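**Q** Would you be able to build a 3D model of this:
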Amino acid sequence: MDLVAVYVPKELWPRRGVWSGKIIDIKVGVGDKVSVGDPLVEIEIEKAVIVLESEYNGVVKEIYVKKGDIVGPGHKLLLIEVLK
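**A** As a prediction, this is how the structure comes out:
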């Protein structure tokens, strides 16, 4: 069983200053099956909403954030069990 954590990508934030974003929606729940390209989490950053998509086919095992949470680059969002 391979478990992979999904993090906020560091490249979303501008290179200068300290930036954060707000979780505005979580598109999956624990136990949900996901496929590559499925939306997982929406994060609002300055003047934009970013939709993070799954890079794996698998099952959501844990969610570490909730709506309204403030996250930054590298923040752990959820855990996926990869299906082979």
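**Q** Any figure for the gap between H75 and L40?
**A** H75 sits 13 Å away from L40, going by Cβ to Cβ, to the nearest Å. Where you see a C-beta, it was placed from the backbone N, CA and C, and this is true even at glycine.
**Q** Burial check on the nearest residue to D2 once chain neighbours are set aside, number of neighbours?
**A** Sequence neighbours aside, V82 is the residue nearest to D2 in space, at 4.3 Å (criterion: Cβ to Cβ, 6 or more residues apart in numbering). Other residues lying near V82 total 13 when counted by other Cβ atoms under 10 Å.
**Q** H75 and L40 - which one has more neighbours?
**A** Each of H75 and L40 has its neighbours counted (other Cβ under 10 Å); L40 has more, 21 against 17.
**Q** for the least confident helix or strand in the chain by mean pLDDT, packing partners?
**A** The weakest-scoring helix or strand in the chain, judged by mean pLDDT, DSSP states H and E, is strand 48-53 (a mean of 91). Contact analysis of strand 48-53 by 3 or more Cβ pairs under 8 Å, 6 or more residues apart in numbering; DSSP states H and E lists strand 39-45 as its packing neighbours.
**Q** Please identify the buried residues of the strand it packs on?
**A** 40-43, 45 (16 or more other Cβ atoms under 10 Å).
**Q** circling back to that earlier point, list the residues that contact the residue nearest to D2.
**A** Going by Cβ atoms under 8 Å, 6 or more residues apart in numbering, V82 touches 2-4, 56-58.
**Q** ok, which pair from those is furthest apart?
**A** L3 and N57 (13.7 Å; Cβ to Cβ).
**Q** Specify which residue of these two has the higher count of neighbours.
**A** N57 (15 against 11).
**Q** mind checking how far the more buried one is from G37?
**A** For N57, the distance to G37 - Cβ to Cβ - is 10 Å.
**Q** so where is the protein shaky, pLDDT-wise?
**A** 12-18 (pLDDT under 70).
**Q** distance of D32 from L3?
**A** Going from D32 to L3 by Cβ to Cβ gives 15 Å.
**Q** Check V71 too.
**A** Distance from V71 to L3, by Cβ to Cβ: 20 Å.
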